[in-house]
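> Below is the structure, and that's it, no one-letter string:
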């Protein structure tokens, strides 16, 4: 979708990408990001034991730093190294639309918008149609169009001062993206832009029950007061 209207071309954007064992896809993602005029790309590794760091360092201008495992901790560490006016938090299995930078700049040019995020479209990796229940992947895509509280795979972006004002990403074992969005919304609007990021359905396919609960049941329980540590005890392999 084309973007029109007032856009601040001088707003600089730092991409922060938390990673863990992403050697199979980090090269493709960084090649995509090289086509954008972002100020910098910061890869924050949470202790990979594959070639993730070496592949990332082979890309000119990409900064690779390390942090304790956990997306929130890694995102906060990346933000500490960022120098752009705005922060874009991107997962390694999420592909931006070609006009992503324009959407980000246009959204953050409006004073009422504290942050923004994209709609999603979930795809099955590899060749073939995928499992028979693959259409269920798009339930999350429907949610991304209408919810005012984006998840991490929606490529959340915000100004650095807003990130500072909300205290960064809360370092908790699960639901950190939901809590992050809740804190942002307390100080301003989160705009869901009319453009889609492409999200790999790999994690849903690997653990369908877990991700169905993560996307639909856990957020409701969390907002009802159930602490995220209880979810983490049930599902040990958190990122």
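Cool, got the structure. Bear in mind the structure is a predicted one, so any value in this text is a computation, not a measurement.

> Measure how far stretch 162-177 is from the centre of its chain, please.
Going by CA atoms, centre = their mean, to the nearest Å, the spacing between the C-alpha centre of stretch 162-177 and its chain's C-alpha centre is 13 Å.

> Mind listing what's buried along the host helix or strand of residue 78?
Assigned by DSSP states H and E, residue 78 belongs to helix 71-81. By neighbour count with 16 or more other CB atoms under 10 Å, helix 71-81 contains the buried residues 71, 72, 73, 74, 75, 76, 77, 78, 79. All C-beta atoms are positioned from the backbone trio N, CA, C, and that covers glycine.

> just these now: which is nearest residue 152?
residue 71 (6.7 Å; CB to CB).

> Pull the contacting residues for the closest one.
For residue 71, the residues meeting the contact criterion (CB atoms under 8 Å, 6 or more residues apart in numbering) are 18, 46, 152, 169, 176, 177, 239.

> How about the secondary structure of residue 173?
In three-state terms, and counting by DSSP: H, G, I helix; E, B strand; the rest coil, residue 173 is coil.

> ignore the last one, residue 106
Here residue 106 is recorded as helix under three-state DSSP.

> Now do it against residue 39, distance only.
Relative to residue 39, residue 106 is positioned 17 Å away (CB to CB, to the nearest Å).

> close enough to count as contact, residue 57 and residue 64?
Yes - with contact defined as CB atoms under 8 Å, residue 57 and residue 64 form a contacting pair (5.2 Å).

> who's more crowded, these two?
Taking neighbours as other CB atoms under 10 Å, residue 57 and residue 64 compare with residue 64 leading, 18 against 12.

> The more buried one belongs to a helix, doesn't it?
No - assignment of residue 64 by three-state DSSP gives strand, placing it outside any helix.

> show me what contacts it?
Taking CB under 8 Å, 6+ apart, we find residue 64 in contact with 42, 43, 45, 53, 56, 57.

> Dihedrals phi and psi, the second one?
Looking back up the chat, that one is residue 43. phi -100, psi 120 (degrees, to the nearest 10).
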